[in-house]
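give me coordinates for this.
(chains A, B and C)
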Amino acid sequence: MRDNHDFFKRVYEVVKQIPYGKVTTYGAIARKIGAPKSARMVGYALNASFNGEDIPAHRVVNRKGLLTGKHHFQGTNLMQQLLESEGIQIKDHVVQDFKDHFWDPCEID
DNA sequence: TGCGTGACTAGCC
DNA sequence: AGGCTAGCCACGC
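All right, here's what the predicted structure looks like:
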């Protein structure tokens, strides 16, 4: 059963499993961990994930491929730079060919 | 203890 | 097709 504490932990586990050069969405993760309605919490969890965990939060974007969380990152374009470094094209803070780079956590399930 | 906010999503107008 | 509203859940004040 576990408590909501695991919710955050599960988010980290899923995000850490995101392959290089791939991105996913909050909803996909939320649904993967069994909380399709708590997509917001996923983003919240990622914000808290900076506890020192190796969470590639930059690989997590919203359903439209928009870098919604980039503003929460240290720099203004850090998130974008990281994604571009992985071969993902970003235009105006939006992932280009998003579905082409989209990685569904259900695939590993 | 209670209201408001937020890295979202889906549905309705 | 595009904009707005509602639902969800945890955390801060």
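
return the distance of stretch A:96-109 from the chain's centre.
What separates the centre of stretch A:96-109 from the centre of its chain is 11 Å, taken as C-alpha atoms, centre = their mean, to the nearest Å.

mind listing what's buried in it?
A:98, A:101, A:102, A:103, A:105 (16 or more other C-beta atoms under 10 Å). C-beta coordinates here come from the backbone N, C-alpha and C atoms, glycine included.

please apply the same query to stretch A:40-52.
Neighbour-count burial for stretch A:40-52 flags A:41, A:42, A:43, A:45, A:46, A:49 (criterion: 16+ other C-beta under 10 Å).

so the first one is in contact with residue A:27, correct?
Spelled out, it's residue A:41. No: using C-beta atoms under 8 Å, residue A:41 is not in contact with residue A:27, being 11.2 Å away.

tell me the contacts of the residue of chain A found nearest DNA strand B?
Here chain A gets closest to DNA strand B at one residue, residue A:69, 1.6 Å apart by C-beta to the nearest atom of the strand. By C-beta atoms under 8 Å, 6 or more residues apart in numbering, the residues touching residue A:69 are A:43, A:46, A:47, A:57, A:60, A:61, A:79.

residue A:73 and residue A:100: what is the separation?
Per C-beta to C-beta, to the nearest Å, residue A:73 is found 23 Å from residue A:100.

how about residue A:107?
The value you get for residue A:107 to residue A:100, if C-beta to C-beta is used, is 15 Å.

before we move on, what about residue A:30?
On the measure of C-beta to C-beta, residue A:30 and residue A:100 end up 22 Å apart.
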